[in-house]
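K.L.:
Sequence and predicted structure below; questions after.
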Amino acid sequence: MMIPLTKLQKEIMAEFYHCAPHKVIFNKTARTRLWKKATAKEDLDLDSIRVKCPALAHRIEKSYETGGNIQSAVFSECVYAQTLADMLHLEIFTNCTENHAFIPQRILALLQSYNLSPRYAYSNRNKSRMLIQAGGCKGIDSALITVIDLNIYTIEFKEPGAKTCEPDLPKYREDGKLLITTDFLKRYPQFEQMLMEQRDLNFFDIIGSNEHDFSPESVNIAVTNNYVKKYADVVCTEDVDGYLVMMPANQISLWAEIVGEIRPAGRNHYNVWTPNALKSFIEEKGGTIVHSIATMEKSKLAIRKERGGHGKISGYKINPLFFIYTRHCTDLGDFIRFDLHDVQQLNPTIAGKMFFKSLQYGNVKKYYFNEATS
């Protein structure tokens, strides 16, 4: 039985699939090539990029100015937004971070009610219709919003292989066992069933690997409810031929392989919260500890490199959960010495992931077209 579409889903998908299909401005291969050059801070022809996708050119320029790295997902967000604007014949591009007055106050107020801040806008010449690329920590992380007489459609952009979201899990205790708190479940209820299925998980037992043993039902809840919470009506991605595709946010599992994942070592790191466990791991590798000062052989440690492809060693990994920055180490030739208080511990995370491995524009259109236009 086909899952019915909401009124907003019917409206935006009917318009999308009445447009001629469009290939994305830069396909995945081209985006990856540009991203690698941008993160390595190589010279890029920003003028030619700006002609095709001004938002992307601006994001690259800002990363060069600040010295920070730009995430590959940002490239896709800008490219997908521009492609959709082209489909809807919205020819005027405005950088809202520089032109704050472009968007009318009533629309700004509407965006704020969704916890969103405008980044870029695409409009027709009389501004009677706008697509607003926006984002916010409490709202959709990669959003494009269509505003017509204050009628708002929310669209989440996702690469063909992507995560819905990946929050930090509560910090486990000295025994390494997964900790499930009421506060976390209140903030991220979509992950409750996944966590219940792994409530006996011990992060110290799976060091160096990620946990993927979840039921299809629990992962589907995590993926689907993520977008309900974040108010997304539809999701846009690209198909195997590079065409932009739109589908209902609550029906992702019809078109993608969905996978659940718990990572013992996520991206965020903090001061050590399991000091006894840290000491045990150091001693297991032959390290010595005098008061709070540890000494270890370099050969027993893995290296940690700077992000962005520069290859410079930024630290040493005691194991996949703990590391120490080189700036906090004393180099003793074959050994390093450091204070335990300077060690960093990586926080575990949980995520629902989607992979659009065989997605085709024509199949999605055929499946929804009668429903979307009925």
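P.N.:
Received it, and whenever you're ready, just let me know what you need.
K.L.:
neighbours of residue 175, just the number please.
P.N.:
Around residue 175 there are 12 other residues, counting by other C-beta atoms under 10 Å. Quick note: C-beta positions are derived from backbone N, CA and C, even for glycine.
K.L.:
distance of the residue lying closest to it once chain neighbours are set aside from residue 284?
P.N.:
In this structure, residue 175 finds its nearest non-sequential neighbour in residue 202, 7.3 Å apart by C-beta to C-beta, 6 or more residues apart in numbering. For residue 202, the distance to residue 284 (C-beta to C-beta, to the nearest Å) stands at 16 Å.
K.L.:
before we move on, what about residue 129?
P.N.:
When distance is defined by C-beta to C-beta, residue 129 is 63 Å away from residue 284.
K.L.:
The two - which one has more neighbours?
P.N.:
Taking neighbours as other C-beta under 10 Å, residue 129 and residue 284 compare with residue 129 leading, 15 against 11.
K.L.:
in stretch 323-342, what counts as buried?
P.N.:
323, 324, 328, 329, 335, 336, 337, 338, 340 (16 or more other C-beta atoms under 10 Å).
K.L.:
who are the neighbours in contact with the last one?
P.N.:
The reference is to residue 340. 272, 275, 278, 279, 289, 292, 293, 294 (C-beta atoms under 8 Å, 6 or more residues apart in numbering).
K.L.:
Quick check on it: phi, psi?
P.N.:
Here is the backbone geometry of residue 340 (degrees, to the nearest 10): phi -60, psi -30.
K.L.:
lowest confidence element among the helices and strands of this structure?
P.N.:
Least confident helix or strand, the chain: strand 143-148 with a mean of 74, by mean pLDDT, DSSP states H and E.
K.L.:
and that one, what other elements does it pack with?
P.N.:
Packing partners of strand 143-148 (3 or more C-beta pairs under 8 Å, 6 or more residues apart in numbering; DSSP states H and E): helix 72-87, helix 105-113, strand 130-135, strand 151-157.
K.L.:
According to the record, where do the domains of the protein fall?
P.N.:
What automatic domain parsing lists as the domains of the chain is 7-159+222-261+355-373, 269-346.
K.L.:
can you put the ones you listed in TSV and add distance to residue 191?
P.N.:
Shown next, in TSV, are those (distance: least, C-beta to C-beta, whole Å):
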stretch	distance to residue 191
domain 7-159+222-261+355-373	5
domain 269-346	19
